[in-house]
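Participant: Fold the following.
(chains A and B)
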Amino acid sequence: MSTGTMVLLALLILLAALFLFGAAAYNSLVSLRNGIRNAWSQIDVQLKRRHDLVPNLVEAVKGYAAHEKGTLDAVTQARSKAAGARSLADISKAETELTGVLGRFMAVMESYPELKADGSFLALQEELASTENRISFARQAYNDQVLFLNNKVQMFPSNIVAGMFAFRREGYFELEDKTQRDPVKVNLG
Amino acid sequence: MFWSVIQANRRKTLLLIVLMGFFLILTGAVIGMSFAGGRLLEGGLAGAGIAALVWAALLLLSLYASDEVLLEVSRAREVSRETYPQLFNVVEEMVIAGSLPAVPRVYVVGDPAPNAFALGKSPEKSHLCVTAGLLALCGRDELQGVVAHELGHIMNRDVLYLTVAASMLGSLLLLSDFFLRMFKYSAIRFTARSRKAGPAAGVLILLSLLLAVLGPVLARIFYFSLSRRREYLADATSARLTRYPEGLASALEKIGSYPGAHSAAPAVTSPFYLVNPGRQGLAGGAFATHPPLASRIRVLRAMTQGAGYMEYLKAYLTATHGRATLIAREDLRDADRVEIRPPSGGAPAPSTSDVRRRAGEIIRAINDFIFITCPCGMKLKLPPEFAGKQVTCPRCKREHEAKKPDAGSFSGALRTQAAMDRDVPGPTRGQDVRYEPGKWQNFSCARCGHPYEISPSFGGSRLTCSSCGSIIRFAPGPRAITS
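Facilitator: Residues are numbered from 1 along each chain as shown, chains lettered A, B, ... in the order given. Below you'll find the predicted structure:
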């Protein structure tokens, strides 16, 4: 075997290794991006679920607490605003508001013992609690996926492949009721 | 996700399969030789061949049918969403939190002792079982913690390894039992044959006897020496998914102090459970398949800084004298900070008698009991044999037709726990009626609608409804309200 063929062979092996690495990095980027889309659609489904739930909840409560009109109207309004939101920022804002309004609404309903004995209200309450949980878990899952993708997009060497195929950093989905959030205590001891 | 644990479980499963094959074929060959008289080679080959076939059959069984077998052994009944909405909601929440590819099928075991287990080789196709006692005992957050713990086992592929190990252990025990019988049977002719075959046969018989005795012992030691680390790791997954370590901690505490007799779960399936179904209590023994409950609770309660894996590891190190290798470094690399969420409000903890009653209700429901709520407030609970028959309410003598419940449904008997409590009839629950003394007033019993009139001279505080037997309490107030 001459030196020429040896060099050629070495080059070929190097190229093949590079190609394999590139393919693996590309595939993992694609699967992360699909994961993000999947997580987002999950959030979307749960937000819709909540929008569908609110009118039923208001209807169930009306018979018992008709004089809480202010609270009921606030819930209905926040719901229609959230259902109409289109951009990520708008959705984020409107849904945060809806979460807050619903929290207050449920707190007010706590003072109606008759409601707590109503089977259909209890079922709706469980559905609402579950939906709130789902939204928050779906948000966490989405943000986890975003973190993984962003790490890949920024870190060497996968950032080269990401740059070649125009993978970009994604934004996090924030949905927090800032007023309810306790300050994070950091213990350095 | 604990990628290193997933890899390790896959590797261990493969190793176990190969080792078992080796062991089975060797044993088969030895058995074959010891029964072949002088023709050692033919006998050994035949024995090895049969053993290889047994091995292949076992492998297929343990990989493709073991879930169904184990579900059958545990007498688990698949339930539908309508039967227990909260359980399904919690499972779906955890599937979302863990980004699992599919929702597991949900089963309820008619056992009053609180426990849970999961089956399934991969998250794509898995089964989740909880006992009636667990449903009766746990509130929402606690149920969530338990469900997340079980999903953690599925995600970490602990169940894959356990399932294969359980089938292999079962087969070993079966085989050695069969072997011992064979030996006992042939021992009658032992003296006659040994003269012909010479000392070789005697040695082989001794060896095979040794194997037969050691087999089950080895299997048991191996089985019970299963890493207890998996339970801590599943707890860590639970804390991470629920973002609320206190949920699982409180569930474990309740289970640990459950006073009733513990379940009669088959010994082979004990490692699958959330807590060891046999001996209970907060301490663990040397041969325990699970770490002591008390230290699991201590670790979860020590998580005050967050709900992530890093926080779990820190809590584990402070609460026990364990090693930092509990979670591999590579698995901690992607661990992000997860804040602990506030508890979800729910019904207050039920009393012990409430738990018993609820558990009984759930067990009756999964056993296809027929529930009829009579207009008089009496709730009839009929065994499935009554389907299609006419029954008479013992309290008001109304006639009812016992309709068979739809397949997989609890005939609407079980909704949320709170709604269940409301449905309880009889003198344990009452109704309050306010009245203004010194006036004529009308009201009707809230349960059966029987009309009553209070005279101006009425001054009582309690009345048992003459029609349905429920208790009506009276309190002086501005106006009569029927609740």
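Participant: from here on, contacts and neighbour counts on C-alpha atoms
Facilitator: Will do.
Participant: and residue B:381, that one's in a strand?
Facilitator: Yes - assessed with DSSP: H, G, I helix; E, B strand; the rest coil, residue B:381 lies in a strand.
Participant: For chain A, see how far away the nearest residue to it once chain neighbours are set aside is.
Facilitator: With CA to CA, 6 or more residues apart in numbering or on different chains as the criterion, residue B:381 has its nearest non-adjacent residue at 4.8 Å, and that residue is residue B:371. To chain A, residue B:371 is 17 Å away according to CA to the nearest CA, to the nearest Å.
Participant: how about residue B:371, secondary structure?
Facilitator: Residue B:371 is classified as strand under three-state DSSP.
Participant: burial count for it?
Facilitator: 24 (other CA atoms under 10 Å in any protein chain shown).
Participant: And the pLDDT for it?
Facilitator: As predicted, residue B:371 sits at a pLDDT of 77.
Participant: now do residue B:192
Facilitator: At residue B:192, pLDDT is 49.
Participant: And for residue B:61?
Facilitator: 79.
Participant: likewise residue B:239?
Facilitator: For residue B:239, the predicted pLDDT is 92.
Participant: Just to be sure, it is in a strand?
Facilitator: No - in this structure, residue B:239 is helix, not part of a strand, as judged by three-state DSSP.
Participant: my read: it touches residue B:232, true?
Facilitator: No - contact criterion CA atoms under 8 Å: residue B:239 and residue B:232 do not qualify, at 10.5 Å.
Participant: Who has more neighbours out of these two?
Facilitator: residue B:239 (32 against 23).
Participant: Excluding sequence neighbours, find me the nearest residue to residue A:91.
Facilitator: Counting by CA to CA, 6+ apart, the residue nearest residue A:91 is residue A:85, at 5.1 Å.
Participant: Wait, the one you found touches residue A:98, no?
Facilitator: No - proximity of residue A:85 to residue A:98 does not meet the contact threshold set by CA under 8 Å, at 11.9 Å.
Participant: Looking at those two, which has the bigger crowd around it?
Facilitator: Using other CA under 10 Å, the more surrounded residue of residue A:85 and residue A:98 is residue A:98, with 24 against 15.
Participant: can you tell me the helix or strand for that one?
Facilitator: Here residue A:98, judged by DSSP states H and E, is contained in helix A:88-109.
Participant: tell me which residues of that helix are tucked away?
Facilitator: Of all the residues in helix A:88-109, those buried under the rule 16 or more other CA atoms under 10 Å in any protein chain shown are A:91-102, A:105, A:109.
Participant: What's the first helix or strand after that helix?
Facilitator: helix A:113-116.
Participant: Pull out the buried residues from that following helix.
Facilitator: Neighbour-count burial for helix A:113-116, with 16+ other CA under 10 Å as criterion, is recorded at A:115-116.
Participant: Let me see the mean pLDDT of that helix.
Facilitator: Rounded mean pLDDT across helix A:113-116 is 76.
Participant: tell me what the helix or strand following it is packed against?
Facilitator: Downstream of helix A:113-116, the next assigned helix or strand under DSSP H and E is helix A:119-154. For helix A:119-154, the elements it packs on are helix A:3-62, helix A:113-116, helix A:158-164, helix B:85-97, helix B:417-423, judged by 3 or more CA pairs under 8 Å, 6 or more residues apart in numbering or on different chains; DSSP states H and E.
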